[in-house]
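[1] mind folding the following:
(2 chains, ligands or ions: 1)
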Amino acid sequence: MCLAIPMELKERDEYEAIVELGGVQRRVSLLLFPEAAVGDHLLIHAGFAIGRVDAEEARLTIEGLERIAAQARPS
Amino acid sequence: MISQEPFRDPRLLDSLFQAIRSEAELAGRRFSFMEVCGTHTHAIAEAGLRRRLGPQVRLISGPGCPVCVTPVEYLDRAIALGRLPGVRLATFGDLFRVPSSRGSLETEAAEGLRVEVVYSPRDALTLASAHPEERVVFLAVGFETTAPAIAATLAEADRLNVCNFYIWSGHKVVPPPLRLLASDPGLALDGLLLPGHVSVLTGWGIFEFLATDFGLPSAVAGFTPADILLGVLELVRQRRKGEARVTNLYGRAVRREENADARRLMDRYFAPIDSDWRGMGVIPGSGLALRPEWAERDAGLWPVTVPEPIEPAGCRCGEVLKGAISPPECPLFAAACDPDSPVGACMVSSEGTCAAWYRHERYRGEAAP
Ligand code: SF4
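    Presented below is the predicted three-dimensional model:
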């Protein structure tokens, strides 16, 4: 039930935004995350944006994974 | 879009399994970790991680499914409220088929109870504004991820002046039961995999008591197989080295600090109360009730007669939720109880431990060692 789906913010007004994933658009509330900006990848839960997914942090995690892979299989 | 592909790359998953195995071998002992998020439970089962981790690392599912930990009295009262004249209930789908003392919302609906399944509490609010002649009661169940969404919906109801929107709050918060589980000598946990989306709202700092008060390693993890395995690897490493801290491995979504806007709204509408968890009993400060100043929105205060609660006969959901048994240890599992005819709540929601095992791990015979 705590499922949250990352969707991209396309348009916003004061309270609401249009978000999109794979061509599907949805109208969500920004009351819980008013700082959201166009282009953000937002986590959407039950019709509300609850936070942002940070691309730079995602890259760092993937780098960490690659490091583990390199150590697990020393060539 | 940020690509999810690397998080599902079989090559990376293989190395993670290998790294976990070598760490565990270095330690020369077995480990027991608990995940306390239904979305993790589901993801672990779906990806078959338990089987591939082998006997060295045992993953135990905890009380991470909100409708599963909601006691039968909650639904009994909900149904009694729904029977009042002019009342329409609105609920998340997860709750719709959960057995109460009598039937479920689904079976009651077949007999005339007016109940609407909604994706968002905002849909329930829309329903209320479209039907001013009715009283719409939203069944507000969920953890810290969901409670702020309900609070925000109440704020919208106030802004739009929708007077016929009410809630019956069964909200719960995650840290109090973790204190009980962390100190349970029967479980003897080596660490906890912390819920990623709860942490988006609360911040990971709220879980530091696990290290300071209980000396337990913990890791906030995302929901792909790689995220979960990274979490397990971190827990094994910390335990092997005798360390204990909260490691945030879901940095792309979670920070140390809470979502302050969500917190403000949540505090405006809700106050902590003692709350009853299926299988764990009443836990101090573990629930959220509407504050007295919002009594006019609180359907939980309406006088209704609620029958004596009856737990489903033979269901061991309570023990499953505490991690005391795994689903195949329940004699009804995959016999009298399956997702088509669930006996207990743990078999209903896709996040319920019994449902996750039934769908993905039924034939593997993995009773707890
Ligand atoms: S298998 Fe069914 S009856 Fe047994 S504990 Fe799970 S939900 Fe309850």
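[2] what's opposite residue B:338 in the beta bridge?
    Listed by DSSP bridges, the beta-bridge partners for residue B:338 are residue B:341.
[3] ok, now which ones touch the residue of chain A found nearest chain B?
    Going by C-beta to the nearest C-beta, chain B is nearest to residue A:47 of chain A, at 2.8 Å. Bear in mind the C-beta positions are built from the backbone N, C-alpha and C, glycine included. Shown in contact with residue A:47 (C-beta atoms under 8 Å, 6 or more residues apart in numbering or on different chains): A:26, A:28, A:29, B:119, B:120, B:121, B:122, B:123, B:149.
[4] how near is it to residue B:108?
    25 Å (C-beta to C-beta, to the nearest Å).
[5] what does residue B:355 give?
    21 Å.
[6] again with residue B:41
    Going from residue B:41 to residue B:108 by C-beta to C-beta gives 28 Å.
[7] what residues are up against residue B:38?
    Contacts of residue B:38 by C-beta under 8 Å, 6+ apart are A:1, A:2, B:64, B:65, B:66, B:68, B:349, B:351, B:352.
[8] what's the burial count for the third one?
    By the criterion of other C-beta atoms under 10 Å in any protein chain shown, residue B:64 has 28 neighbours.
[9] that one contacts residue B:351, doesn't it?
    Yes. In this structure, residue B:64 is within contact of residue B:351 by C-beta atoms under 8 Å, at 7.1 Å.
[10] okay, and the common contacts of these two?
    Common neighbours of residue B:64 and residue B:351, counting by C-beta under 8 Å, 6+ apart, are B:38, B:39, B:41.
[11] turn those into TSV, including pLDDT.
    Compiled in TSV, the shared contacts of residue B:64 and residue B:351 are given as follows (pLDDT from 0 to 100):
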residue	pLDDT
B:38	91
B:39	92
B:41	93
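[12] name the residues that touch the longest strand seen in chain A?
    If each strand of chain A is counted by residues according to DSSP state E, the longest one is strand A:5-12. The contact list for strand A:5-12 (C-beta under 8 Å, 6+ apart) reads A:17-21, A:25-26, A:28, A:30, A:36-45, A:49, A:53, B:1-2.
[13] low-confidence bits of chain B, can you list those?
    Counting by pLDDT under 70, chain B shows low-confidence ranges at B:1-2, B:363-369.
[14] and the strands in it?
    Here chain B has its strands, by DSSP E, at B:31-35, B:57-61, B:87-91, B:115-117, B:135-140, B:165-169, B:171-172, B:191-194, B:218-220, B:246-248, B:270-277, B:281-290.
[15] of these, which stretch is the most buried?
    strand B:218-220 (a mean of 28; mean count of other C-beta atoms under 10 Å in any protein chain shown).
[16] list the helices and strands that strand packs on?
    strand B:191-194, helix B:225-240, strand B:246-248 (3 or more C-beta pairs under 8 Å, 6 or more residues apart in numbering or on different chains; DSSP states H and E).
[17] thinking again about what came up before, higher neighbour count, residue B:41 and residue B:108?
    Set residue B:41 next to residue B:108 and count neighbours by other C-beta under 10 Å: residue B:41 wins out with 27 against 20.
[18] what sits closest to that one if chain neighbours are left out?
    residue B:61 (4.6 Å; C-beta to C-beta, 6 or more residues apart in numbering or on different chains).
[19] repeat for residue B:154
    Residue B:154 sits nearest to residue B:269 (C-beta to C-beta, 6+ apart), 5.2 Å away.
[20] isn't the one you found up against residue B:293?
    No. At 9.1 Å, residue B:269 does not count as touching residue B:293 under the criterion of C-beta under 8 Å.
[21] who has more neighbours, the two?
    Using other C-beta under 10 Å, the more surrounded residue of residue B:269 and residue B:293 is residue B:269, with 24 against 10.
[22] need the strands of chain B in TSV with distance to the ligand, can you?
    Formatted as TSV, the strands of chain B follow (distance: least, C-beta to the nearest ligand atom, whole Å):
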stretch	distance to the ligand
strand B:31-35	17
strand B:57-61	11
strand B:87-91	19
strand B:115-117	21
strand B:135-140	20
strand B:165-169	23
strand B:171-172	19
strand B:191-194	21
strand B:218-220	27
strand B:246-248	31
strand B:270-277	15
strand B:281-290	17
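[23] any chance of the ones you listed in CSV, with distance to residue B:345 too?
    Output for the strands of chain B, formatted as CSV (distance: least, C-beta to C-beta, whole Å):
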stretch, distance to residue B:345
strand B:31-35, 18
strand B:57-61, 14
strand B:87-91, 14
strand B:115-117, 17
strand B:135-140, 14
strand B:165-169, 17
strand B:171-172, 14
strand B:191-194, 22
strand B:218-220, 26
strand B:246-248, 29
strand B:270-277, 12
strand B:281-290, 16
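[24] nearest to residue B:315 among those would be which one?
    Closest of the strands of chain B to residue B:315 is strand B:270-277, at 15.2 Å (criterion: C-beta to C-beta).
[25] pull the residues that contact that closest one.
    B:63, B:69, B:71, B:73, B:147, B:151, B:169, B:171-173, B:177, B:282-291, B:321.
[26] residue of chain A nearest the ligand, please.
    residue A:1 (16.6 Å; C-beta to the nearest ligand atom).
[27] the closest residue to that residue other than its chain neighbours: neighbour count?
    Using C-beta to C-beta, 6+ apart and skipping the chain neighbours, the partner closest in space to residue A:1 is residue B:66 (4.8 Å). A total of 25 residues lie near residue B:66 under the criterion other C-beta under 10 Å.
[28] and residue B:66, how far from residue B:238?
    With C-beta to C-beta as the criterion, residue B:66 and residue B:238 are 28 Å apart.
[29] got it, and residue A:19?
    37 Å.
[30] for stretch A:38-56, buried residues please.
    Buried positions in stretch A:38-56, judged by neighbour count with 16 or more other C-beta atoms under 10 Å in any protein chain shown: A:40-54.
[31] right, and residue A:64 touches residue B:230 too?
    Yes. Taking contacts as C-beta under 8 Å, residue A:64 lies within contact range of residue B:230: 7.3 Å.
[32] what about the helix or strand of chain A with the lowest mean pLDDT, near chain B?
    The weakest-scoring helix or strand in chain A, judged by mean pLDDT, DSSP states H and E, is helix A:55-72 (a mean of 88). Yes. Counting by C-beta under 8 Å from any C-beta of the partner chain, chain B is contacted by helix A:55-72 at A:55, A:57-58, A:60-62, A:64-66, A:68-69, A:71-72.
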